[in-house]
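[1] just need the structure, nothing else, for what follows:
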Amino acid sequence: MKKILLAVDDTKSSIRIIDKMSDIFCTCMPKEIVLLYVQKIISGGSVMDDLIVSSSEWETLKDSLEGTEYQDMRNEKAQKVIDYYCGHLDKKGISGIHPIVRKGHTAEEILKVATEEDVDMIIMGCRSNRMHNLILGSVSREVSNNAKVSVLLIK
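    Below is the predicted model:
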């Protein structure tokens with residue numbers, strides 16, 4: 001395996017994902033790890049987001065945030081999250097990290113980056129709150145159902 005995409009968020013579960021990934025690949029670590037953090041435009045799950053906001057409205061919303069103090073704060077947070085996980089990977093002796101921050105719909109951005117970066121596998125966390133998934137959808141389910149490469153979900 002040459003290149004994997006490791007999708008992280010700002011929760012403690014992402015640390016478990018990194019720890020599990022380093023256990024799984026301990027003898028054959030990929031040459032490059034694309035470390036992806038996606039800034040959500042609005043809170044919520046993918047199914048409801050699609051019902052409430054159209055693609056063009058997403059783009060308009062993203063554009064309207066640019067240059068605002070709010071977006072500056074979000075960018076600072078994203079950089080802190082990326083720096084934190086880069087440090088955690090470095091402590092595990094994992095190199096070849098390529099950090100990326102994107103803004104938008106989480107599942108869509110994960111799938112876009114996976115294609116753009118030509119990764120061999122996507123690794124991400126999943127939550128098992130079934131009621132939440134029924135109402136709002138699931139990023140991990142959307143990614144696993146639509147990815148063109150293997151997806152490893154870590155709980």
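
[2] hey, C-alpha coordinates of the helix or strand where Glu108 lies in PDB?
    Element membership of Glu108 [criterion: DSSP states H and E] is helix 106-116. This file holds the C-alpha atoms of helix 106-116, laid out as PDB (Å, rounded to 0.1, in the frame of the first residue of the first chain):
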ATOM      1  CA  THR A 106     -17.600  16.000   5.100                       C
ATOM      2  CA  ALA A 107     -18.300  12.800   3.000                       C
ATOM      3  CA  GLU A 108     -18.100  14.600  -0.300                       C
ATOM      4  CA  GLU A 109     -14.700  16.200   0.600                       C
ATOM      5  CA  ILE A 110     -13.300  12.900   1.800                       C
ATOM      6  CA  LEU A 111     -14.300  11.300  -1.500                       C
ATOM      7  CA  LYS A 112     -13.000  14.200  -3.600                       C
ATOM      8  CA  VAL A 113      -9.600  14.200  -1.800                       C
ATOM      9  CA  ALA A 114      -9.400  10.400  -2.100                       C
ATOM     10  CA  THR A 115      -9.800  10.800  -5.900                       C
ATOM     11  CA  GLU A 116      -7.500  13.800  -6.300                       C
END
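
[3] so for whichever helix or strand comes after it, mean pLDDT?
    On the C-terminal side of helix 106-116, the nearest following helix or strand under DSSP H and E is strand 121-125. What strand 121-125 shows for mean pLDDT is 94.

[4] same for the strand or helix carrying Val151, what does it pack against?
    According to DSSP H and E, Val151 maps onto strand 150-154. Counting contacts by 3 or more C-beta pairs under 8 Å, 6 or more residues apart in numbering; DSSP states H and E, strand 150-154 packs against helix 13-24, strand 121-125, helix 139-146. (Glycine included, C-beta is placed from N, CA and C.)

[5] that concludes my questions; thank you for your assistance.
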